[in-house]
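K.L.:
this is a predicted model, with the sequence first.
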Amino acid sequence: MINNNTKKNIIKKSKLDPYINISKNNKNKPNKFNLMILIYPSISFFFFGIGVLSTSIYINKHNVLSAESYKIQNDENEYIPVIEDVTIRSPLNGIKLDEIEYEKVIKHIPHAVLISNNESARVEQYGLNYADIIYEAQVEGGITRFMAIFWSKQDGYIIKPVRSVRKYFLDWAVEYGNVPVTFTGFATTDNYETNSLGFYKEQNIRTTYFNWPFKWDEECVSKLPRMHCKRVHPEDLYLIFDQKEWTFDKWQGYLNNNEWTFKEELEENGYTDCNEFKYDFAGDNAWSTRWVYNKDTNLYEKHDPIDAHLDMNNKQVIQASTVIIQKIVRIYTNDSSNRVIYKTVGTGDAFIIRDGKRIDATWKKDCYTCRTIFYSKQSSDIIALKPGLIWIAAQPADKEINWY
């Protein structure tokens with residue numbers, strides 16, 4: 001139960017918090033309106049009831065709160081929701097946060113980090129199991145790279161090895177509002193589809209690159225190429241966010257009514273069993289990925305392609321609640337750097353894998369800043385994802401998937 005002091009805090013934060021709806025329809029109304037409410041109590045109760053109903057519809061629609069809410073009127077004549085026994089669902093990956101967890105993570109906004117997946121760097125790979133969402137895509141030479149988005153876990157781990165960004169990773173990052181992106185470099189080219197520096201400027205993307213928050217891991221440098229040895233601590237990134245005042249009042253994510261939806265349990269609908277599957281990006285090589293369903297945990301475990309893929313923070317296998325294979329048109333530029341283009345805007349086939357089942361789907365992204373939405377081919381409905389780590393593999397459309 002929330003005490004009165006906590007209620008006041010929630011009211012104050014609700015002005016900055018995109019997950020709690022605030023109605024300002026009654027701000028600065030003339031005294032005549034207030035007098036009418038006093039004279040006609042039945043009318044005021046009627047509109048009061050409509051307000052409560054509207055808030056309830058908003059909450060249910062966005063699948064954010066699992067508690068009843070009601071409105072009170074503050075000193076500015078604004079009707080503010082007051083939440084009892086709050087449980088808030090993260091719009092990133094659908095996990096539920098209790099009051100204490102929410103008060104902790106709301107201090108910082110989500111952020112994305114580019115992480116190397118060079119085969120020789122995996123012994124120095126940290127942070128993937130602590131992310132909310134991970135994108136996996138090919139870079140040059142058939143090698144894959146990850147963009148991990150962090151929010152719900154904010155301390156107690158390091159992120160490593162941090163690498164440079166590609167333009168298509170920024171295409172996905174801008175879907176989440178102007179979240180900060182951390183990387184070690186970007187390309188300037190004459191091709192709009194590969195010019196990551198140009199896209200950064202066009203979209204005014206927030207980045208920590210110019211503040212250079214990285215630390216060199218000297219033990220790593222003694223054994224591996226230096227490019228594998230740059231690490232970053234979330235706490236160092238938060239200091240930069242605070243210095244630049246990158247807070248929730250300036251973060252416009254999830255306000256375009258294109259959020260994903262989430263459900264803990266998958267309704268049986270004739271979906272195909274999916275206990276193991278494998279995909280690649282540029283042939284069967286060290287960057288092929290195999291996922292195995294663990295019935296005991298109801299999660300999928302990642303392998304590359306034979307050995308378990310571990311997060312070296314805790315040496316635990318990477319586990320995802322939902323794996324999405326998004327089939328995307330890939331184009332080789334054949335330039336001097338052998339760059340790759342992903343056609344991230346458009347539509348195509350996809351597969352949503354969760355709870356030991358495979359859902360055949362279609363993905364759609366209408367513009368660079370639009371959210372990629374996944375629809376069931378069977379029902380045409382938006383597919384509800386399983387709360388937890390969401391792994392999105394941007395597999396080239398011409399490559400095969402092996403289902404076991």
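P.N.:
Yep, it's here.

K.L.:
show me where pLDDT drops low in the protein?
P.N.:
1-86, 249-258 (pLDDT under 70).

K.L.:
let me see the ranges of the helices in it.
P.N.:
When secondary structure is read from DSSP state H, the chain shows helices at 4-14, 31-39, 41-62, 99-105, 167-173, 196-203, 218-221, 234-244.

K.L.:
what are the contacting residues of the shortest one?
P.N.:
So the one you mean is helix 218-221. Outside helix 218-221, the residues that touch it by Cβ atoms under 8 Å, 6 or more residues apart in numbering are 124, 161, 228, 229. (Each C-beta comes from the backbone N, C-alpha and C, glycine too.)

K.L.:
mind listing the strands for the stretch 101-250 of the chain?
P.N.:
With DSSP state E, counting those that start in this stretch, the ranges of strands along the stretch 101-250 of the chain come out as 111-116, 133-138, 144-150, 181-182, 215-216, 230-231.

K.L.:
tabulate the ones you listed (JSON lines), appending mean neighbour count and distance to residue 287.
P.N.:
As requested, the strands of the stretch 101-250 of the chain are exported to JSON lines (neighbours: other Cβ atoms under 10 Å; distance: least, Cβ to Cβ, whole Å):
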{"stretch": "strand 111-116", "mean neighbour count": "25", "distance to residue 287": "12"}
{"stretch": "strand 133-138", "mean neighbour count": "24", "distance to residue 287": "8"}
{"stretch": "strand 144-150", "mean neighbour count": "23", "distance to residue 287": "5"}
{"stretch": "strand 181-182", "mean neighbour count": "26", "distance to residue 287": "22"}
{"stretch": "strand 215-216", "mean neighbour count": "12", "distance to residue 287": "26"}
{"stretch": "strand 230-231", "mean neighbour count": "21", "distance to residue 287": "21"}
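
K.L.:
turn these into JSON lines, columns for distance to residue 93.
P.N.:
JSON lines is the format used below for those (distance: least, Cβ to Cβ, whole Å):
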{"stretch": "strand 111-116", "distance to residue 93": "14"}
{"stretch": "strand 133-138", "distance to residue 93": "6"}
{"stretch": "strand 144-150", "distance to residue 93": "9"}
{"stretch": "strand 181-182", "distance to residue 93": "18"}
{"stretch": "strand 215-216", "distance to residue 93": "28"}
{"stretch": "strand 230-231", "distance to residue 93": "24"}
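
K.L.:
just checking, residue 326 touches residue 364?
P.N.:
No: counting by Cβ atoms under 8 Å, residue 364 is not a contact partner of residue 326; they are 10.7 Å apart.

K.L.:
what sits in contact with each of the two?
P.N.:
With Cβ under 8 Å, 6+ apart, residue 326 and residue 364 have common neighbours residue 372.

K.L.:
which one of these two has more residues nearby?
P.N.:
residue 326 (25 against 16; other Cβ atoms under 10 Å).

K.L.:
contacting residues for the more buried one?
P.N.:
348, 350, 363, 372, 392, 393, 394, 395.

K.L.:
list only those of these flagged as buried.
P.N.:
350, 363, 372, 392, 393, 394, 395 (16 or more other Cβ atoms under 10 Å).

K.L.:
for the second one, which non-adjacent residue is closest in space?
P.N.:
Spelled out, it's residue 363. Nearest residue to residue 363, sequence neighbours excluded (Cβ to Cβ, 6 or more residues apart in numbering): residue 350, at 4.3 Å.
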